Structure formats: C-alpha cells, structure tokens
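*Asks:* Using only what follows, build the 3D model:
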Amino acid sequence: MRLTLVLHAAAALSTQRRPYDTKVRVASQRSAPLPPTAPQNPTLTEYMRLPTAQYALLDLPYGADLRRKGSNGDQELFELVVPPVKFFFLTVSPHVQCVVDSNEHSVVVRGTSCTLKGTDALVRRINDCFDFRVTAEMTWVDGSTRRIDCSVDLAVDVAPPGPFRLIPRRSLEVTGNSVMRVATNQIIRGFLQTLLNDYSKWASDESYRERRRANAEAVAAR
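*Replies:* Numbers count the residues shown, from 1 in each chain. From the prediction side, this is the model:
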C-alpha cells in the first residue's frame with residue numbers, strides 16, 4: 001500500500017508543470033517613411049483604413065505568410081507563419097494566431113497563441129512549456145512627411161524541457177532575446193516595406209485598387 005502511494009506521488013510530481021522561470025522579452029519600434037515621389041492621392045490614411053482582411057493579399061518577404069482564418073465580430077483572425085529560426089540545436093517555425101482590431105488612428109495586432117513546428121520530436125514537448133504574448137500597433141503620419149510606425153511588445157515565459165534544463169537560465173534568456181529580436185525586427189521591416197510598396201501601387205493604379213477591392217471581398221466571404 002505504501003509503495004503504491006509513493007509511486008503515485010512520484011508520478012504526480014513528475015507530471016507537475018515546471019515554473020515558467022525563463023523570460024524572453026522584446027520591445028521594438030520601427031518607422032518606414034514614404035519617399036517624396038510616392039503618390040499623394042488617395043491618401044495614406046485612406047489606405048491604412050482599408051479593411052484588414054486585405055492583409056491576407058500581401059506577399060510578405062523572407063518566406064513569411066499571413067493567412068486569414070475568419071472573423072469574430074469586428075475582429076479579423078489571422079495566422080502569421082514566421083520563417084524558421086534556429087535556437088541552439090533546434091530549428092522551429094512559429095505559427096502565431098492573431099486577432100486584428102482597427103480604428104481611425106491605428107491597427108492593433110494581438111497574438112493569442114503560438115505553436116512551434118519542426119521535425120524534431122522535442123518541438124512538440126516545447127509547445128507545452130511556454131506562455132506567449134505579443135502586441136503590435138501600427139500608426140501613421142499623413143502630412144508634409146508621411147510614414148508608417150510600428151511598435152511591438154513580445155513576452156515569452158518558458159519552463160525549459162528536456163536538454164534545455166542543462167543550459168544555464170541566463171544563457172537561455174540571452175540567446176532567446178537575441179533570436180526573437182532578430183526575427184521580430186525582420187518581420188516588422190519586411191511587413192512595413194510591403195505596405196509601402198503596396199500603397200504606392202494602390203494609390204497610383206486605379207485598376208489595381210479595383211482588383212484589390214474585389215479580391216478582398218472574396219477573402220472576407222470565405
């Protein structure tokens with residue numbers, strides 16, 4: 001009887017969730033100015049206030065992908081596929097589920113969950129060992145100078161699994177901060193440049209505006 005109780009207690013302890021004691025934090029701000037030669041009308045404000053479902057029509061650089069998953073009331077739901085990143089001996093591709101809200105002055109993207117995908121069996125274990133939060137806000141200036149600004153706050157709390165427990169926590173945090181900062185800045189830079197290029201084409205080509213409108217309606221109807 002005592003042996004059974006001891007075995008049950010040991011099993012319970014082994015399955016308890018370890019504390020999220022490894023912290024990764026990234027705060028990043030980027031600005032993307034429009035060139036002086038960019039079209040003036042339609043305005044940047046008109047472009048930034050387009051339905052956010054149209055983001056799914058953009059071709060993102062670096063192998064990233066933004067997929068519309070549907071809507072929830074006034075919110076648009078997306079999945080952001082981040083290009084593979086290397087963390088120590090693992091290569092993973094984060095898939096971030098996002099909720100997008102827009103108003104007259106900003107577009108706010110909130111990551112609601114993140115799933116890591118990769119070929120190593122350890123990746124599946126890691127998905128049960130972290131808590132992920134990210135918020136990105138885009139605003140714009142549309143006057144004598146024009147630009148799109150983006151700020152991102154990302155937080156990941158991790159309970160290191162398996163072999164990662166052998167690595168000092170400080171080393172995990174320093175490496176995690178570096179990897180996530182590089183990946184975040186790359187995505188922001190690429191997305192802002194994509195918006196600038198798309199705005200220039202949208203503002204200067206009426207037929208492109210019409211195609212975008214029709215394609216966006218088709219995307220929103222899915």
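*Asks:* who does the host helix or strand of residue 97 touch, helix- and strand-wise?
*Replies:* Assigned by DSSP states H and E, residue 97 belongs to strand 90-102. Applying 3 or more Cβ pairs under 8 Å, 6 or more residues apart in numbering; DSSP states H and E, one finds that strand 90-102 contacts strand 75-81, strand 85-87, strand 107-117, helix 121-126. Quick note: C-beta positions are derived from backbone N, CA and C, even for glycine.
*Asks:* cutoff 7 Å now
*Replies:* On a contact count with 3 or more Cβ pairs under 7 Å, 6 or more residues apart in numbering; DSSP states H and E, strand 90-102 meets strand 75-81, strand 107-117, helix 121-126.
*Asks:* For residue 62, grab the count of nearby residues.
*Replies:* 12 (other Cβ atoms under 10 Å).
*Asks:* if I pick it, what's in contact with it?
*Replies:* 83, 186, 190 (Cβ atoms under 7 Å, 6 or more residues apart in numbering).
*Asks:* What are the buried residues along the host helix or strand of the last one?
*Replies:* If I follow you right, that is residue 190. Using DSSP H and E, residue 190 falls within helix 169-204. Using 16 or more other Cβ atoms under 10 Å as the test for burial, helix 169-204 gives 172-173, 176-177, 179-181, 183-184, 186-192, 194-196, 198-200, 202-203.
*Asks:* now stretch 88-102
*Replies:* Neighbour-count burial for stretch 88-102 flags 90, 92, 93, 94, 95, 96, 97, 98, 99, 100, 102 (criterion: 16+ other Cβ under 10 Å).
*Asks:* between those, which is nearest residue 168?
*Replies:* residue 90 (17.3 Å; Cβ to Cβ).
*Asks:* show me the contacts for the closest one.
*Replies:* 118, 120, 122, 123.
*Asks:* In a markdown table: these, plus distance to residue 28, pLDDT and neighbour count.
*Replies:* Shown next, in a markdown table, are these (distance: Cβ to Cβ, whole Å; pLDDT from 0 to 100; neighbours: other Cβ atoms under 10 Å):
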| residue | distance to residue 28 | pLDDT | neighbour count |
| --- | --- | --- | --- |
| 118 | 24 | 89 | 16 |
| 120 | 28 | 81 | 13 |
| 122 | 28 | 82 | 15 |
| 123 | 25 | 85 | 16 |
